[in-house]
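*Asks:* Attaching a predicted model along with its sequence, questions to come.
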Amino acid sequence: MEDNSSCTSAGTCHTQASFLQITLERLSSTQCLKLKPEEGFPVAVIALQRYLSEHSEGQQPLDSYSYDVTVTDGVWRTKCFVDASLNHLVRANILRTGADISITQCSFVYNEKRLGHGYICIGEVRCCPDTSAVLTRVKDVSSLPMLVRHGMERSVVLQSDVPLQVSRKHYLPLWNNDDPEGDIWSRAPPACDVMLDVSTITLLSSLESSFRNTWKPFPLLVKIIHKSRLRYYGKFGLKIDYPYQAYFEVADQTGTMSLVLWNELCPEFYHRLNVGTVLYLQNYTLKLSYANRSRPQMDHYRLKSFSSLEICLNARNPASVITVVSPKSVLPQWGLPEVSYQFTTRSELEKLSNKSACDVIGLVTFVGRVERVRCKGNKGPEKYWTYRWVHAVDGTSDRPFILEVFSSSQPDIFNQICPMTYLVCTQMRVCQVEGSLLYLTSSCETEMFVTGYHKGQPYVSDPRVKDFIRWTKTLKDNDILRGTAVGGYYCYPHAPRIFTQTTADASGQALLVAVSDLKRELETLQYREHKRLAIQGQITAVRYTKHPRTPAGGKEVPDISTDSREQAEPETHSTAEQSPSPPSPSRSASKRKVQTRNIETFFRSGVPAKRKAGREDTEEEGGNSELEEQPQNQESDALSWESSSWLKQREELSEHLTQGGLYQDSTSRTFTMEENKVCMQWSNLQPMRWTPEQTADMVPPAVCPGYYQITILGINKQIAVDAAFFPVVSSSEPRAVGLPQDPHGNTMLSCLSSGFFCPLSEATPPEPEAILETASKLEDTHVVCILDLCHLGGEEVEVVINKVYTVTEVLSD
């Protein structure tokens, strides 16, 4: 097969040899095609799209979601179905956009219930961890023709932005369920000037009295004062093509009421209905309100809330008529209330009570990476929320706003939050947690706006907003830039001073689990999913290193093949592995001093097979004395400490979970305007569509101040876990904000307990040798360790110690 040069037009594409075209032709004569390594040819992933799996009567699908992947060989592009056995590669962000794959097995699947519809099903692949080589030869991916089987050229499904499984009508976002995704979501056209008959309108105050009587729905004339994020409620067996719902709070001169947009009206109208929009509604229905839902706080409007009913807008039975009134056509005599806000400055924030709502505006100084958290209590297919942490200042306090910002069905804005932008967040809720500064978290009604999206918003004339803008004009960009940061490991709120065992994650407490359960959590963790868990045991080894880990212990990452699923699972070591043993430490107190060790030997050796008694005696007599007398290896770059019993204990382990640690993506980067796009791509989630701007390999390197790799032996001494301890070393770090800074003696234990070096300043932190000299106090100490887990993609699983408690700091049931 000849090497294909870049292709920019459909006309030239047809004259070049194409791997995809040849593969499709070969599939006409065989049901399943297995390609030998020499037959393989890399294709680039340019789109990866998700949707709810098809459900057959009496059968549960293998996975909750299915995936379509669009690939190109530089000549053609085609949309293929991803076999469910490969879904784990998507969930780990191994199969991803912007990278190359080699298809090693595929088949052609016809839809038996529809004429002229079929597609390639990819059954096995090899994934390349590097950025695509194919895409470097393609100038314009969108100009490449779509490859379909002869006779299927007229298939609308194969040519449109809809799933290959024809029972589904739309795609979902790749990493959550509540953002609008795809061409079906109409963008807001300009409102038309129309003549409205307002002589027959009814007021909101009249609806409650007429609800239980036979009534004709007279038109409503209302203004939107709050807008919620989308809710996707799709599940197996639900025969609704577009199972979406969106709440709005609308008002007229008599009060406020909830309005609900249902199903296929959401793609048509959600982007068009915004705060401040005036609506003329006909053919609506009324129903009793759903009691168990959040509502915005609207006391400042001083309007009566009619909360017993909801206005429902549907596409049928009856078909609601929604007219968006042009702002120029809105008349003062209609008496519609003005949109009002409750902007709160940072200096006033401490006066607010827990769970109260406020609006804020600030200059962003820190933006955390986007992470995901599993939606609890969900009875249908698994769902995730996406969120990030943000710091913003407004000039009224030395402390920033600490914002936990969840995606609010505004993906464009959510992905553009970056330092040096003006951020507005509405209907944020106050969260007060013991041991931490209060922070604000999103509600269902939160909306966000950043620089570039403020024009025309009702809040621009608010006095607090004008005061903020005046303050920003006194600032110098360089002064602000010095204190900005993007991405990296960040956790909030801080763990409380006393650990209390709970059955649920509440008020910053972590769920206490068995170490065997921790292993299962690590194995099932998905891309950018964050979990906070607690385990109990003993700290048996500590190693200091200056450099974050790289996948596969710093070696080149091999191609990920689906021939065996184990390659995508977390790394563990068992007693059956015959890995080399590290040098044996002396068991006497004098020999437990800090030693310099080779990183690979010390922490990647796993659990050695049990030695024969004769060999162990030989090492005791000769190896250790020589180690003590000889000078330390000057080429090693790690300092370490072991407990006296660790050598024997590690021989008896059933498993050692060594995959956790600190990686390049764990360290935040200083933000610069020149690297704006690159930094934001790095901190955002992997996109579902590739664009030429996708340049992940150009992320500027982070400066790692060094960290400690901690080995925790489970309370039953069967399983050990490696975790990174990444202490706060400077008051300028984002993680230092709100951190309790009680003085301590910079011992290993006090640092693990507090999370920082004392005092926090710009001065040089304590030397790791000095810290490790105190590690012997950890010997045989029963501790509870709070661990933050985050899957960074591929083989990288971040396991970071958030806090360590001794038994005197623990309250049991």
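*Replies:* It's in.
*Asks:* Output the below-cut-off pLDDT ranges for the stretch 701-813 of the chain.
*Replies:* In the predicted model, the stretch 701-813 of the chain carries pLDDT under 70 at residues 762-763, 813.
*Asks:* one more time with 80
*Replies:* Scanning the stretch 701-813 of the chain for pLDDT under 80 picks out 701-705, 761-764, 812-813.
*Asks:* All the strands of it, residue numbers only.
*Replies:* 707-714, 719-725, 783-793, 796-806, 810-811 (DSSP state E, counting those that start in this stretch).
*Asks:* out of these, nearest to S206?
*Replies:* strand 783-793 (52.8 Å; C-beta to C-beta). All C-beta spots, glycine's among them, are computed from the backbone N, C-alpha and C.
*Asks:* circling back: switch the strands of the stretch 701-813 of the chain over to JSON lines; also include distance to L309 and mean neighbour count.
*Replies:* Below are the strands of the stretch 701-813 of the chain laid out as JSON lines (distance: least, C-beta to C-beta, whole Å; neighbours: other C-beta atoms under 10 Å):
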{"stretch": "strand 707-714", "distance to L309": "55", "mean neighbour count": "25"}
{"stretch": "strand 719-725", "distance to L309": "53", "mean neighbour count": "23"}
{"stretch": "strand 783-793", "distance to L309": "44", "mean neighbour count": "22"}
{"stretch": "strand 796-806", "distance to L309": "46", "mean neighbour count": "22"}
{"stretch": "strand 810-811", "distance to L309": "46", "mean neighbour count": "12"}
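*Asks:* For W682, find the nearest of these.
*Replies:* Nearest to W682, of the strands of the stretch 701-813 of the chain and by C-beta to C-beta, is strand 783-793 at 11.1 Å.
*Asks:* Output that closest one in CSV with nothing but the alpha carbons.
*Replies:* Below are the C-alpha coordinates for strand 783-793, written out as CSV (Å, rounded to 0.1, in the frame of the first residue of the first chain):
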residue,chain,number,x,y,z
VAL,A,783,-2.9,6.3,61.0
VAL,A,784,-5.9,7.2,58.8
CYS,A,785,-4.9,8.6,55.4
ILE,A,786,-7.2,10.7,53.3
LEU,A,787,-6.5,10.0,49.6
ASP,A,788,-7.5,12.1,46.6
LEU,A,789,-7.8,9.9,43.5
CYS,A,790,-8.0,11.2,39.9
HIS,A,791,-7.6,9.4,36.6
LEU,A,792,-5.5,11.7,34.4
GLY,A,793,-6.0,9.6,31.2
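*Asks:* what's the nearest residue to V450 if we skip its chain neighbours?
*Replies:* Nearest non-adjacent residue to V450, counting by C-beta to C-beta, 6 or more residues apart in numbering: T421, 4.7 Å away.
*Asks:* Number of residues surrounding the one you found?
*Replies:* Other residues within reach of T421, judged by other C-beta atoms under 10 Å, total 18.
*Asks:* And it, how far from T386?
*Replies:* Taking C-beta to C-beta, to the nearest Å as the measure, T421 and T386 are separated by 19 Å.
*Asks:* Also T344?
*Replies:* 25 Å.
*Asks:* Now do the SS call for D412.
*Replies:* At D412 the chain is in helix, as set by DSSP: H, G, I helix; E, B strand; the rest coil.
*Asks:* dump the residue contacts of S340.
*Replies:* Contacts for S340 were tallied using C-beta atoms under 8 Å, 6 or more residues apart in numbering; they are 225, 300-301.
*Asks:* now do 6 Å
*Replies:* 300-301 (C-beta atoms under 6 Å, 6 or more residues apart in numbering).
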